[in-house]
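> fold the following and give me the result.
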Amino acid sequence: MQTMNISLPEPLKEFVADQVGSGRYTSEQEYVRELIRRDQVRWAEEHVEALIKEGLESSEPSDFTADDWKRIRAEGMRQYLAKQSGTDS
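Predicted coordinates for the structure are as follows:
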């Protein structure tokens, strides 16, 4: 695992310390890793949504139902997250 050092202004440093002190996280590193993971998921969701929107706007009307699109979106997210985590299957 690589090391990365970051500098935070005092109010942010105190906020991170409070999060760790609350017992939700065992260390500052765990807290930051969790924030990055959440951001990865958020980015992936936005990316998939943009691709779906692009596809919908550029194609002929289809017979797909809302449930079809939910399944397609869920599978796309599963594949994207698996690829990001290195467990591509």
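> report the buried residues of stretch 57-76.
Residues of stretch 57-76 classed as buried: G76 (neighbour count, 16 or more other Cβ atoms under 10 Å). Where C-beta positions appear, they are placed from N, C-alpha and C, glycine not excepted.
> can you list contacts of that stretch?
Contacts of stretch 57-76 with the rest of the structure, by Cβ atoms under 8 Å, 6 or more residues apart in numbering, involve V48, E49, L51, I52.
> which of these are buried?
Using 16+ other Cβ under 10 Å, the buried ones in those are V48.
> G21 and S27, how far apart?
11 Å (Cβ to Cβ, to the nearest Å).
> equivalent analysis for Q84, please.
23 Å.
> which of the two has more neighbours?
Applying other Cβ atoms under 10 Å to Q84 and S27 shows that Q84 carries more neighbours, namely 14 against 10.
> OK, contacts around that one?
Applying Cβ under 8 Å, 6+ apart to Q84 gives the contacts Q40, A44.
> can you offset everything so residue one is 17?
Renumbered: residue one is now 17, and that last one reads Q100.
> which residue packs closest to the residue nearest in space to the middle of the chain, ignoring adjacent ones?
Residue closest to the average C-alpha location in the chain (Cα atoms, centre = their mean): V57, at 1.1 Å. Using Cβ to Cβ, 6 or more residues apart in numbering and skipping the chain neighbours, the partner closest in space to V57 is L97 (7.1 Å).
> sec struct for that neighbour, please.
Taken by DSSP: H, G, I helix; E, B strand; the rest coil, the conformation at L97 corresponds to helix.
> in PDB, list the C-alpha atoms belonging to the helix-or-strand element of the chain with minimal mean pLDDT.
Lowest on mean pLDDT, DSSP states H and E among the helices and strands of the chain sits helix 82-101, with a mean of 86. Included here for helix 82-101 are C-alpha records, laid out as PDB according to Å, rounded to 0.1, in the frame of the first residue of the first chain:
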ATOM      1  CA  ALA A  82     -38.300   0.900 -16.200                       C
ATOM      2  CA  ASP A  83     -37.400  -2.400 -14.600                       C
ATOM      3  CA  ASP A  84     -35.300  -3.300 -17.600                       C
ATOM      4  CA  TRP A  85     -33.300  -0.100 -17.200                       C
ATOM      5  CA  LYS A  86     -32.900  -0.700 -13.500                       C
ATOM      6  CA  ARG A  87     -31.400  -4.200 -14.200                       C
ATOM      7  CA  ILE A  88     -29.100  -2.800 -16.900                       C
ATOM      8  CA  ARG A  89     -28.000   0.000 -14.600                       C
ATOM      9  CA  ALA A  90     -27.400  -2.400 -11.700                       C
ATOM     10  CA  GLU A  91     -25.400  -4.800 -13.900                       C
ATOM     11  CA  GLY A  92     -23.300  -1.900 -15.300                       C
ATOM     12  CA  MET A  93     -22.600  -0.700 -11.800                       C
ATOM     13  CA  ARG A  94     -21.600  -4.200 -10.600                       C
ATOM     14  CA  GLN A  95     -19.200  -4.600 -13.500                       C
ATOM     15  CA  TYR A  96     -17.700  -1.100 -13.100                       C
ATOM     16  CA  LEU A  97     -17.200  -1.600  -9.400                       C
ATOM     17  CA  ALA A  98     -15.700  -5.100  -9.900                       C
ATOM     18  CA  LYS A  99     -13.300  -3.600 -12.400                       C
ATOM     19  CA  GLN A 100     -12.300  -0.800 -10.100                       C
ATOM     20  CA  SER A 101     -11.700  -3.200  -7.200                       C
END
